[in-house]
Structures are given as C-alpha cells and as structure tokens.
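Visitor: what shape does this take:
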Amino acid sequence: MSALSNESSSHKVCAEVTLPLVNKLTRGAWQRLMPSRSDFNRRKSGVKVLIVDDDHMSCRCLEQCIDWGAIGCTQVLCAYNGAEALKHMEKERPEIVISDVKMPVMDGKELCRQLYEKYPDVNLFFVSAYGDFETAQMAIRYHVKGYVLKPLDADALRTLQEMIYEAAVRQENTSFFHKICGDEYRDVLKCALEEKDREMVENFFERVERLLGESGREDVSLWQHLIMPLIDYRNVCLKMDYSVLFEAERRMQADIMACPAEERAGWLRRQYMEVMQKERSDNSLVVWEMQKEIQKNFSSPDLDIGMLGQQFGMSSVYLGRLFLEQTGRKVTDYIQEKRLRFACDELQHSIRPVKEIAQLAGYRDAGYFNKVFRRSMGMTPGEYREKYWRKEGEDPTDLYAH
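Guide: The predicted model follows:
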C-alpha cells in the first residue's frame, strides 16, 4: 500500500520514482526478526514515536491500531501540525516521526525539510492521501524512510507497522553499538564472568551477532571494548601481572581481527565461556545445562525432574539434590517460576485467552493453572491482566516476586 504500488490514476506518476522505502517483510521473516516482548521490556528505554496529522481521527487511528509495544516503541506522541511537531522534537526527541503532508500552519514538506536539517537521525514516514510527483521527489531528497497512502486499511497499517519495526530495530542497534563503545556494558560483562552467568553472556553475544547481521556495522573499537571485561576480570579476580594482561589484550585483538568478520562474535563468546569454564565445577555445568533445558522446554506439560533425568542419563533423585545444592531451589519450583513469568508477560502484553496462555505456559488444565497462579500471585489471571495491562514502566517478571 506504499505510494509506489498504488495503481490509481492520480498516483501513477509516483510509480516511476524509487523512494528509499524499507522492503515489505513476509510473515515468516517478520516473525524471525521480531524480538520477544520480554526482550523489549528488559530494556530501560525504547523508541519514541511522534504522529503528526491535523486530522485528530487519523492520529487516534494510528495511535490505537498499531501494536507499538510489540515493535519496541514505548511512547507515542501526537501533534496536529508541523510547528507543533517541532516543539515535541525539541522537548521529547522522538526517533520516529509519522507525518501527514498537507496540514495548516506548517505542512509535512516543510516539517520534512526542517527535520532533515535539525534532526538528521530521525526516521520520517509520510502517511498521506496525496501521492504526487513533487512530494515523491522531496521524499527522496530528504531521505524519507517510507510513504503509505490513505485511507489506512488493514494492509496499509500492516505495511506501516513493518516499516516502523525495521526502523526501530535500526535505532536499537545504533543505541546498542554506542553503549558498547561507551563501555556501558563493561561492568555488566565483568560481573557475568565473576558470577559464571553463561546465559547472560550467551544472550549478549547473540544480540551482538544480530547487530552485525542486521546493520552490517562493524568497527575495530567494538571488539576492543568487548575484550576489556575479560582483561578486567583477569586483573581483579585472577590477579594477573600487568605486563601479562597487556600482552593478552594485544594478542586477543590481533586474533579476533584475524577471524572472518562473521565469526568474530562467536570467537569472542568462546573466550568468555573458556574463562568461566575454568572456574566452574562439573556439577555446576550440569545444573547450568538443566536451567538451559528448562528455559527451552518449560512450555511442555511433560517437563519435570523425571524427564530431565532421562535426558541427562542420571537419577532424577540425584539431579534434584544437585540442583537444590547449587541453586538453593527445587527443580519443580524453578520450572513453575519460568512458566509463571511467561504467563505474566503474556497477560500483560497479549490478548490471548487465559486458557491458551495456560497451554503455552505448560499447563494442560486451565483450572489448575488458575489455582497455581492465584496461589503464587495473590490474584487470578484475569485480575492480573486487568491490573497490569500494558502498565508503562512495569516489568511483569518483577511482579512475580510479589
């Protein structure tokens, strides 16, 4: 439903102009790219969006018909002309702007020009009933990211949401890259090494690989900043001599740059794992593998200590005792926590029926799920959804502790 694909006579002229539009995703590609809602929830900040349209109903339609939380957008603002939009830009600094073209006071074309000059990193999308050649040329000149024609039917909204999602991913990738190069993750990674948190390291480097795969962005400084937590750890925890540390850093930088670009994140992940492996007992490794298996399969109703025993080729009694010694918790309690955390997230962010959420969380019987949920959370699933439905700033996984 972009201006390029519209076949009406009034818009045919736009078909000859190639706007820098984001390619539409197939449904399968959309699902593969889409991070989980809980992944977005764990981030301290998300992408802000500004909708600019003199038609209040159009603003309301966009505000309510797009699942902003699912595509990583945490705040949606509205303005009713370009001048008002610029005030929002100065105060709120949204990363994505969706604007009409024809508006009073200041139209979308002038807003586009000023955004390009004052806020060149902003992702601008046009939503307009007009697809004239002049506007298309201007969109190219000022690097407009997308152009969707009104009226906004279901297909147009889906296309717009997909384009906004890709822009949000790019924005998140840029932010992630700058945070790494600003050493914001240095202490986090060092603590992960100290606590032998293999899952955190796995997740972090999976995101680094997504960053490189989706943006193609790479810089020598990126690897230098990711090597430093290893050096810090060896300095503070292993008490290595400074001359040895200096040589280790130099050698690691040379080794990682000698790897093919697509293998560098994996190579560095293995360095982290090897450091933790040297400090981890065999028993701890078994427990870590159990935790990883539970995280992967908690949605299976058959998952229990007996199933884990069969999978690891060990006595279920021995595994249960080992897990309790290493974590201070029973396996059954750990499985239940994972299931309830998932259920809380779904209740807060999806419109799935409670019965379906129960099944996805690993409960065959919705009645039993309701009983377990109420005993653990102090309220029914329905009451929880009513109380915490998309409550801004609240992470449902934090509420589990209550």
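Visitor: can you give me the helices for the stretch 51-200 of the chain?
Guide: Secondary structure of the stretch 51-200 of the chain, counting by DSSP state H, counting those that start in this stretch: helices at 56-65, 82-92, 108-118, 133-141, 154-181, 186-194, 198-215.
Visitor: what's the closest of the ones you listed to residue 277?
Guide: Closest approach to residue 277 among the helices of the stretch 51-200 of the chain is made by helix 198-215 (8.8 Å; C-beta to C-beta). From N, CA and C alone the C-beta is placed, and that goes for glycine too.
Visitor: ok, and what's touching the helix or strand just after the closest one?
Guide: Past helix 198-215, further along toward the C-terminus, the next helix or strand under DSSP states H and E is helix 220-236. Applying C-beta atoms under 8 Å, 6 or more residues apart in numbering, the external contacts of helix 220-236 come out as 177, 180-181, 183, 185-187, 189-190, 192-194, 208, 240, 242, 245, 248-249, 252-253, 256-257, 264, 268, 271-272, 275.
Visitor: got a pLDDT number for residue 123?
Guide: If you check residue 123, the pLDDT there is 90.
Visitor: no no, residue 258
Guide: pLDDT, residue 258: 89.
Visitor: go on, the one 3 residues further on?
Guide: The predicted local distance difference test score for residue 261 is 84.
Visitor: which positions within stretch 344-358 qualify as buried?
Guide: Burial within stretch 344-358, assessed by neighbour count using 16 or more other C-beta atoms under 10 Å, is assigned to 344, 345, 346, 347, 348, 349, 354, 357, 358.
Visitor: in helices, which of these fall?
Guide: Counting by DSSP state H, the buried residues of stretch 344-358 place 344, 345, 346, 347, 348, 349, 354, 357, 358 in helices.
Visitor: look up how far residue 69 lies from the second one.
Guide: In other words, residue 345. Distance, residue 345 to residue 69, by C-beta to C-beta, to the nearest Å: 11 Å.
Visitor: over to the last one?
Guide: Distance of residue 358 to residue 69, given as C-beta to C-beta: 22 Å.
Visitor: the fourth one too?
Guide: For residue 347, the distance to residue 69 under the criterion C-beta to C-beta works out to 14 Å.
Visitor: coming back round to it: which of the helices of the stretch 51-200 of the chain sits closest to residue 309?
Guide: Residue 309 sits nearest to helix 198-215 of all these, at 21.7 Å, using C-beta to C-beta.
Visitor: quick one, that closest one and helix 154-181 angle?
Guide: For helix 198-215 against helix 154-181, the angle by axes from the mean of the first three to the mean of the last three C-alpha atoms, to 10 degrees is 120 degrees.
Visitor: I'd like to know which elements helix 198-215 is packed against.
Guide: If you count contacts as 3 or more C-beta pairs under 8 Å, 6 or more residues apart in numbering; DSSP states H and E, helix 198-215 packs onto helix 154-181, helix 186-194, helix 264-279, helix 282-297.
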